[in-house]
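>>> Take this sequence and fold it.
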Amino acid sequence: MARKSALKILCQVEEAQAFANLALDQALRGNKMARQDRAFVTELVYGTVKMQLQLDYLLDYVSSRPMAKLSAPIRNTLRLGLYQALYLRVPESAAVHQSVELAKGYGHKGVVGFVNGVLRNVLRRKESIAWPDPKTEPVEHLAVR
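Residues are numbered from 1 along each chain as shown. Got it, this is the predicted structure:
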């Protein structure tokens with residue numbers, strides 16, 4: 001429930017250019033989620049938005065499809081899963097599994113396999129990612145790091 005709420009909020013932010021704080025407040029107002037779940041949704045939304053450039057860089061690095069060509073729900077599902085695996089204490093396997101479960105509601109079987117493969121590929125290769133060189137690409141380096 002928390003991840004699904006966070007995904008809906010992130011899609012609002014991206015598709016409707018909503019402000020994250022306002023979309024989050026509106027989604028949580030009147031919602032009967034437990035306090036812990038509300039805190040988790042808040043962390044997922046703000047953390048994913050904050051780290052979006054880096055998450056997109058990592059996802060584009062390993063993906064056969066550019067992030068920009070994916071639908072907003074699938075793009076944000078990938079971001080959410082990767083954010084959880086890299087920055088929260090969510091085990092990688094749980095982050096991938098929950099992302100796959102989210103993707104099932106937004107695409108066909110191939111999309112589900114794509115989400116699983118991309119997330120596992122990033123997590124497998126995270127130590128060998130070629131980041132932009134700070135000497136030759138200082139702006140891009142600062143943006144994604």
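>>> In contact with residue 42, which residues are there?
Counting by C-beta atoms under 8 Å, 6 or more residues apart in numbering, residue 42 makes contact with 24, 28. Just so you know, the C-beta spots here come from the backbone N, C-alpha and C atoms, and that holds for glycine as well.
>>> ok, it to residue 6 distance?
The gap separating residue 42 from residue 6 is 9 Å, by C-beta to C-beta, to the nearest Å.
>>> what do the two both touch?
With contacts defined as C-beta under 8 Å, 6+ apart, no residue is shared by residue 42 and residue 6.
>>> Buried residues, stretch 54-68. List them.
Buried residues in stretch 54-68, counted by 16 or more other C-beta atoms under 10 Å: 54, 55, 56, 57, 58, 59, 62, 63, 67.
>>> Can you name the helix or strand that the third one falls in?
Translated: residue 56. In the assignment (DSSP states H and E), residue 56 maps to helix 52-62.
>>> by contact count, what packs against that helix?
With contacts defined as 3 or more C-beta pairs under 8 Å, 6 or more residues apart in numbering; DSSP states H and E, the packing partners of helix 52-62 are helix 72-87, helix 109-125, helix 138-144.
>>> Could you find the residue nearest the spatial middle of the chain?
residue 79 (1.4 Å; C-alpha atoms, centre = their mean).
>>> and the helix-or-strand element of the chain with minimal mean pLDDT, what does it pack onto?
Lowest by mean pLDDT, DSSP states H and E among the helices and strands of the chain is helix 138-144, with a mean of 89. Helix 138-144 is packed against helix 52-62, with contacts defined by 3+ C-beta pairs under 8 Å, 6+ apart.
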